[in-house]
Every structure is written in structure tokens, then in C-alpha cells.
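>>> no FASTA, just this:
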């Protein structure tokens, strides 16, 4: 359904649909309530502090991929702060002891280092986690590019190295092996860990099953996930965490763009003030073609167009679509599912302006929470 957006909004703009976010959070609340688990927001996928007040009563905290994300979680969200990185820069773990409640190590050597630094900090309340590569692959997007357990993965201690971990210092067994997985992937991971790693689970206080659980994607069997989590908790009596990112904000927002020019080269091309290269990089990295509200696949409706950005990158092409009416300069284009891995990955390549960040409230009110101008482009250039 095309959202009711004001006709005079400045584009490009990322627009959070508050009603859709609340529907997604209701799913998270159900899983927490019925399975008895904790749930964290993975800020690597999406971080809009203006919307955190909508989430803080449902989620238990945030999970970060480094010091700055952890600091954001501490200062803007509160509650628990978890952090994992495949390696930490010099002094980073020491600084994290003043920010995080849970720090995860990627290797036996790192686990020793994290434990030493945590002990030296005097913070007895910090839990230490070990990320394990469980050898279980169920990434449904992008193949090996998005598979944490692909050959030569940087992520997690493998089964061959697991006995080198300082288990007396480890509080949390952490696995992250999924990407946009439906319930069969989630349940498969839970059962795989229970079956293959039981001796290690008996040595820890909690298990973190990571992200990639696409809990709000149509077709995800939430009941099946809840049943698997309940069975796992009954068997091992451990605290359990999930840390979805995209799963919490899928289909919860838009990127609104405007046609700023038309071109013809063996077909009709519409040039937008939004860019695949700078505003939706996963379109090129995965790659995939994002949905456009009111459009169809080429040839379905009367008028076919290639949609592209205005950067100098030849491949700055979003996709090919068909529309019921011809596009003209000034036509509005609304891309769907544009909250996950979009503005957290933006660049200002070519001096391309960053889109506004906005919220569409349930009463129809449109609120711009952040705008960017030339100063943001200049600031990054030294």
C-alpha cells in the first residue's frame, strides 16, 4: 500500500512508518513473552535514535559491532549493551568496559585478552562471550557474501579451535549463522547448537543465537521459533538472547525520491535524486531490485523505465520497472522496505546529498528528524 505522505516533502528522504514498526515490535514482544527470551536491536542494520523511545519498552537493549555503535546504544537506547567485533583495536576493549555490559571475543587469543582487560577494569558485572562458528549455513541472501559460516569466514572460533577457549572465563555462548532466514533456518540453528555443542553449553550462563532471524517477513512461522526456543531452554536452563536487526524493521519504511531527468538509450531511463550507489548500496552488493510502490515488473504495465541515480558511477542503476502512467520530471518514486542497511551505510560520493531522515506517525503527521547539507559532505573531507 502506498503511504499517505505529504506532497511537498523534500526528497530524497528515508521515512520510518511508525505503525509498521509497532506491528513488527508486537512480534518481538510475543516471542519474548511466550519463549521467555531476551531480544536486542542490532544497530548495524538500523539505528534511528529518534525512534528508540518506541522500542525501549519492548527490547532489552542493543548489540553493536564496535565501540561507536556500543556508545550509541548506551547513550541513546540504554538498557543492555552487547558488542562483538572480529578484532578490537588497541585500547578498544578497555574503553568498552566503560560502555558495554557484554563483550564478545572472536578467538581464543581474543578471549584471553578480553578476560584480562575486564578483570583489570574492576567491572565484575561485565559478561564475556565467545563467538563460535557452528558450521551451520542458512543464509538465504547473497550466497557466501552474507554467510557467516562460509569457508574462510572471519567470524567465530571453529570446532577445531573451540577447546582452546578459556571456558572458565566465558559466560555466553554466541553464534550468528543466519541472514534473512525464515523459521526453518532459525530452528535448524537452535537444534544444531543443542545437538553438537551440549558440553560447552553446560559451562556457560547464556546463549546468544545472533541475528538473521527474519521474524517479521511474510512466511516466517513465529510459533515454530517459539517452540524451538522453549525446548532449548527446557533442556539447558540457560538465558537466551536473539539479536535481530533487519527482522525488526523489515517493511517498516520507505525511501522517497523524485524524478529529476529523463533520458533515452534503447529504452526509457528516469534519473532520480536517489542513488543505488550512495543511498541503497545493498542493491548493488547483494544484488537485488527493491520494490517500488505502485510499479510492477517490466512489461506488466504500460510504461517501462530503468531507474538510476545521478552519480558518475556507470552502474548506479536501481532496476527496471513498469508504470501505469508515463514518468515526468517531478514524478515521485517510493521504494519499499528501505529501513534495513540503508542510511547506516550511506556515502556522499560525488557530493550526493544525504537523504532526510523522517517519521510518518500513526496520525499521518510527517516529522523530519534530521537533515543534511553541504556541511556534511565537506566535514568528511578533512
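Cool, got the structure. This one's a predicted model, so the numbers in the text were calculated from it and none came from an experiment. Residues are numbered from 1 along each chain as shown.

>>> okay, CA-based contacts and neighbour counts for the rest of this
Noted.

>>> Give me the outermost residue of the chain relative to its centroid.
Most distant from the centre of the chain: residue 266, at 37.4 Å, with distances by Cα atoms, centre = their mean.

>>> Look at that one and tell me its secondary structure.
In three-state terms, and counting by DSSP: H, G, I helix; E, B strand; the rest coil, residue 266 is coil.

>>> start the count at 35, not 1, going forward
All right, first residue 35 from here; so that's residue 300.

>>> Quick check: phi and psi on it?
When quoted as degrees, to the nearest 10, the phi and psi of residue 300 stand at phi 60, psi 20.

>>> Identify the residues contacting it.
With contact taken as Cα atoms under 8 Å, 6 or more residues apart in numbering, residue 300 is in contact with no other residue.

>>> I'd guessed residue 248 sits against residue 277; true?
No. Counting by Cα atoms under 8 Å, residue 248 sits too far from residue 277 to count as a contact (10.7 Å).

>>> related to what we said a few turns ago, could I get the pLDDT score of the residue farthest from the centre of the chain?
On pLDDT, residue 300 comes in at 95.

>>> helix or strand right after the lowest-mean-pLDDT helix or strand in the chain?
Every helix and strand of the chain was ranked by mean pLDDT, DSSP states H and E. The lowest is strand 172-173, at a mean of 66. Sequence order places strand 206-209 as the next helix or strand after strand 172-173, per DSSP states H and E.

>>> Just the residues contacting the helix or strand following that following strand, thanks.
Where DSSP H and E defines the elements, the next helix or strand beyond strand 206-209 is strand 212-213. Strand 212-213 has contacts (Cα under 8 Å, 6+ apart) with 171-175, 180-182, 219-220, 244-248.

>>> buried subset of the residues you listed?
Neighbour counting over those (16 or more other Cα atoms under 10 Å) leaves 171-175, 180-182, 219-220, 244-248 as the buried ones.

>>> Which of these sits closest to residue 82?
residue 245 (18.4 Å; Cα to Cα).

>>> residue ranges for the helices of this protein, please.
For the chain, the helices defined by DSSP state H cover 52-69, 101-106, 126-130, 142-155, 217-230, 232-235, 256-270, 280-283, 310-313, 316-319, 408-413.

>>> Rebuild the ones you listed as JSON lines, extending it with mean pLDDT.
JSON lines is the format used below for these (pLDDT from 0 to 100):
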{"stretch": "helix 52-69", "mean pLDDT": "98"}
{"stretch": "helix 101-106", "mean pLDDT": "98"}
{"stretch": "helix 126-130", "mean pLDDT": "98"}
{"stretch": "helix 142-155", "mean pLDDT": "98"}
{"stretch": "helix 217-230", "mean pLDDT": "97"}
{"stretch": "helix 232-235", "mean pLDDT": "98"}
{"stretch": "helix 256-270", "mean pLDDT": "98"}
{"stretch": "helix 280-283", "mean pLDDT": "98"}
{"stretch": "helix 310-313", "mean pLDDT": "98"}
{"stretch": "helix 316-319", "mean pLDDT": "96"}
{"stretch": "helix 408-413", "mean pLDDT": "96"}
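
>>> which of the ones you listed is buried the deepest?
Sort the helices of the chain by mean neighbour count, taking mean count of other Cα atoms under 10 Å, and helix 280-283 sits at the top with a mean of 28.

>>> just checking, what packs against that one?
If contacts are counted by 3 or more Cα pairs under 8 Å, 6 or more residues apart in numbering; DSSP states H and E, helix 280-283 sits against helix 52-69.

>>> how about the helices of the chain, which one is nearest residue 46?
Closest of the helices of the chain to residue 46 is helix 310-313, at 9.2 Å (criterion: Cα to Cα).

>>> Can you pull the poorly scored residue ranges out of the stretch 85-234 of the chain?
For the stretch 85-234 of the chain, the stretches flagged by pLDDT under 70 are 173-176.

>>> separation between residue 347 and residue 383?
Computed as Cα to Cα, to the nearest Å, the residue 347 to residue 383 distance reads 10 Å.

>>> go on, residue 47?
Taken as Cα to Cα, the span from residue 47 to residue 383 is 17 Å.

>>> Next one: the residue farthest from the centre of the chain from residue 339, what distance?
For residue 300, the distance to residue 339 equals 11 Å [Cα to Cα].

>>> next one: residue 416
With distances taken as Cα to Cα, residue 416 is found 39 Å from residue 339.

>>> And those two? Which one has more around it.
residue 339 (23 against 4; other Cα atoms under 10 Å).

>>> Let me see the ranges of the strands in the stretch 235-384 of the chain.
In the stretch 235-384 of the chain, the strands defined using DSSP state E, counting those that start in this stretch lie at 240-242, 273-276, 287-298, 302-306, 337-342, 351-357, 366-370.

>>> Mind putting those into TSV with distance to residue 123?
Output for these, formatted as TSV (distance: least, Cα to Cα, whole Å):
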stretch	distance to residue 123
strand 240-242	24
strand 273-276	26
strand 287-298	34
strand 302-306	39
strand 337-342	38
strand 351-357	36
strand 366-370	37
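
>>> what's the closest of the ones you listed to residue 93?
Among the strands of the stretch 235-384 of the chain, strand 273-276 comes nearest to residue 93, with 10.2 Å by Cα to Cα.

>>> which other residues reach that closest one?
Contact with strand 273-276 is made by 71-74, 239-245, 267, as judged by Cα under 8 Å, 6+ apart.

>>> so what's residue 245 closest to, chain neighbours aside?
Of all residues not flanking residue 245 in the chain, residue 278 sits nearest, at 4.3 Å (Cα to Cα, 6 or more residues apart in numbering).

>>> Can you get me the start-to-end distance on stretch 113-123?
So stretch 113-123: terminal residues 25 Å apart, Cα to Cα.
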